[in-house]
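> pasting the sequence and the predicted model now:
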Amino acid sequence: MYQEFIESFLTYFEGQSDGIRIFKSPGRVNLIGEHTDYNGGFVFPAALTMDTTVLARPRNDRQINLIATDLKQMVRANLDELDKWKHLRWGNYQLGVADELQKAGYKLCGCDLMYDDKVPLGSGLSSSAAIEIATAVALVALGDSYHGIKREIDMVDLAKIAQKAEHNYIGVKCGIMDQFASAMGKKNMAIFLDCRDLTWEMVPLVMKGYKLVIANTNIKRSLGSEKYNERRSECEKGLEQLRHIFPDASYLRDISVDDFLTYQEEISDETIRKRVAHVVYENERVIKAVEALKKDRLEEFGELMNASHDSLRDLYEVTGVELDTLVEQARKVEGVLGSRMTGAGFGGCTVSLVREDKVQEFIERVGKAYNKVIGHDASFYITEAGDGGREIIY
């Protein structure tokens, strides 16, 4: 497979194969804890085995060239003029990462980069983070070699830089979860992450007799849409009103369920109150879900998944008919313990906990019902947890 990639690389960039290096970074599925990350809360993602692969070769100038195996248009930019390229529809995530790496003091070199993306774009499985982390690892590794710098790459730092790239270059005020999971994922593990201080715990993803099945609505969404930043703004407004009671609260995660129940009337706007309610209860659900998984209480885990989706539908209002249809149909299948949207919403994917002997029936029944209601097919993936961003030695 890598030889085919190398041959494709050379059709775009010519020259010799000497110096070509290969990097990978995965998408992620969030098992529970949605829209909590930018509120300083708890999330529980796992990296996937669906990756972005990057072939990279250094240049002796400041030129950075980008191509994708499914796109034929080359992006050519200069590392000293990256502000000129924010308008790109493809390539802006990569150049945004390069921009933030240089601002953070990393020494980069010109390079040719070829991308092969296996994370479905716009699916809610964080194809953007996969691209960002793969780019960051490649640029730092090439830059360090070019400049004679010897060090172990700090993957947490790269996750933070990738998040900044989305904030400052792309204009999406995302949380840290996607980049962190893509950078730090481990095979057969999920990550219990505290987004306030970036402390984390690797939790074995052992689901005896059950599989996680992702269903893709095949409705692409854009995180750059106004709705995502609107939800973040609503949470900030809710926190500001609660600070009259809790002046030391830095994030909504600092508000407990009991605090919210006691003082929710301090939030005058009903819509903002609903947004805050989701975040407060979702943080509690993540903690309970992690404990349930550790103790093999999969039915409880599934119930928490269901409650999470219902909250995202009714309180946070980020689901939509496609996601709700998939969840509704999933819950009708015997052997499904829980089903919920995963990702930011407004399209994308669901994740369901399905008994192994019911997986094929699940795919057939849910797929047929979804097509009948929506009018087009969903796609299904049986997921495994994989490793995070890394270089491939071939």
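Now that the structure is in, tell me what you want to look at.
> show me where the stretch 151-300 of the chain has its strands.
Taking DSSP state E, counting those that start in this stretch, the strands of the stretch 151-300 of the chain run over residues 189-194, 199-204, 210-216.
> show me what whichever strand in the chain runs longest is packed up against.
If you go by DSSP state E, the chain has its longest strand at strand 45-58. On a contact count with 3 or more Cβ pairs under 8 Å, 6 or more residues apart in numbering; DSSP states H and E, strand 45-58 meets helix 2-13, strand 21-30, strand 111-117, helix 127-147, helix 177-184, strand 189-194. (C-beta placed from N, C-alpha, C; glycine too.)
> save the strands of the stretch 151-300 of the chain as CSV, and put in mean neighbour count, mean pLDDT and distance to H35 too.
Below are those laid out as CSV (neighbours: other Cβ atoms under 10 Å; pLDDT from 0 to 100; distance: least, Cβ to Cβ, whole Å):
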stretch, mean neighbour count, mean pLDDT, distance to H35
strand 189-194, 23, 98, 14
strand 199-204, 14, 97, 19
strand 210-216, 22, 97, 19
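> which of these sits closest to S127?
Evaluated over those, closeness to S127 peaks at strand 210-216, with 11.6 Å, by Cβ to Cβ.
> can you give the strand pairings for the closest one, parallel or anti for each?
Take DSSP bridges as the rule and strand 210-216 pairs in its sheet with strand 349-355 (antiparallel), strand 379-382 (antiparallel).
> out of those, nearest to I255?
It is, among the strands paired with strand 210-216 and with distance given as Cβ to Cβ, strand 349-355, at 26.8 Å.
> quick one, the helix or strand that comes right after that closest one and strand 349-355 angle?
Using DSSP states H and E, the helix or strand that follows strand 349-355 in sequence is helix 359-374. Counting by axes from the mean of the first three to the mean of the last three Cα atoms, to 10 degrees, helix 359-374 lies at 140 degrees to strand 349-355.
> so which elements touch helix 359-374?
strand 210-216, helix 321-330, strand 379-382.
> columns distance to A369 on top of these, output as CSV?
Below are these laid out as CSV (distance: least, Cβ to Cβ, whole Å):
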stretch, distance to A369
strand 210-216, 11
helix 321-330, 4
strand 379-382, 13
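> right, so of these, which gets closest to K24?
For the helices and strands packed on helix 359-374, the distance to K24 is smallest for strand 379-382, at 17.5 Å, taking Cβ to Cβ.
> quick one: mean pLDDT over that closest one.
Confidence over strand 379-382 (mean pLDDT, whole number) is 95.
> CA atoms only for stretch 28-38, dumped as PDB, please.
Output in PDB follows, covering the C-alpha atoms of stretch 28-38 (Å, rounded to 0.1, in the frame of the first residue of the first chain):
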ATOM      1  CA  ARG A  28     -12.200   9.900  16.600                       C
ATOM      2  CA  VAL A  29     -15.600   8.900  17.900                       C
ATOM      3  CA  ASN A  30     -16.800  10.500  21.100                       C
ATOM      4  CA  LEU A  31     -18.700   7.900  23.200                       C
ATOM      5  CA  ILE A  32     -20.300  10.500  25.500                       C
ATOM      6  CA  GLY A  33     -19.700  14.100  26.500                       C
ATOM      7  CA  GLU A  34     -20.800  16.400  23.700                       C
ATOM      8  CA  HIS A  35     -20.300  20.200  23.600                       C
ATOM      9  CA  THR A  36     -18.600  19.900  27.000                       C
ATOM     10  CA  ASP A  37     -15.000  20.400  25.900                       C
ATOM     11  CA  TYR A  38     -15.200  24.100  25.200                       C
END
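> mean confidence for it?
pLDDT averaged over stretch 28-38 gives 97.
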